[in-house]
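Undergrad: Fold the following, please.
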Amino acid sequence: EKTQRIQLGIRFGDNFSIDATLPFSKASRIHPNIMFGDGGVRLGAYLDWVWGVDQAHGLKLYPGVGPEFWFYNSFDIGVAGNFGAEYAFKFPLTVGIDWRPGMRFINYKFHTGNWGITARWRF
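TA: Numbering: from 1, shown residues only. Next comes the predicted model:
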């Protein structure tokens with residue numbers, strides 16, 4: 001797929017998320033999501049740089065970074081990386097795997113978990 005499209009779906013892993021991607025340019029996108037789990041809600045929005053793998057039509061890799069807002073027992077703010085691979089089928093479904101390590105600033109904590117599997121519908 002030569003151009004990016006808006007995508008909306010779900011992410012399963014360390015938590016459950018509603019996951020989306022919004023094209024920003026041909027090679028970058030905003031990747032917002034709402035994560036549920038561990039007794040609270042977390043909002044994240046990452047800027048991903050996306051590139052295709054020439055030998056594997058439909059396969060894309062992306063690193064990204066962005067803010068996260070935690071609404072648990074107390075509020076927190078942080079930043080996380082977003083590293084993943086995804087495959088876009090010929091029909092409008094994209095599946096992928098990603099990892100989002102990050103740092104919380106108010107309740108200082110570095111977290112290396114947050115692995116997930118995504119399924120998003122392309123519009």
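
Undergrad: ranges for the helices of the protein?
TA: Remark: no helices are assigned in the chain by DSSP state H.

Undergrad: Provide a list of residues in contact with the closest residue in space to Gly37 that isn't next to it in sequence.
TA: Sequence neighbours aside, Asn15 is the residue nearest to Gly37 in space, at 3.2 Å (criterion: Cβ to Cβ, 6 or more residues apart in numbering). From N, CA and C alone the C-beta is placed, and that goes for glycine too. Shown in contact with Asn15 (Cβ atoms under 8 Å, 6 or more residues apart in numbering): 35-38, 42, 114, 116.

Undergrad: from those residues, which ones fall inside strands?
TA: Secondary structure from DSSP state E places 35-37, 42, 116 of the contacts of Asn15 in strands.

Undergrad: of the residues you listed, closest to Gly9?
TA: Gly9 lies nearest to Gly116 out of the ones in strands among the contacts of Asn15, by Cβ to Cβ, at 11.2 Å.

Undergrad: Which residue is the nearest non-sequential neighbour of Gly13?
TA: Nearest non-adjacent residue to Gly13, counting by Cβ to Cβ, 6+ apart: Gly116, 3.2 Å away.

Undergrad: What is the neighbour count of that neighbour?
TA: If you count neighbours by other Cβ atoms under 10 Å, Gly116 ends up with 23.
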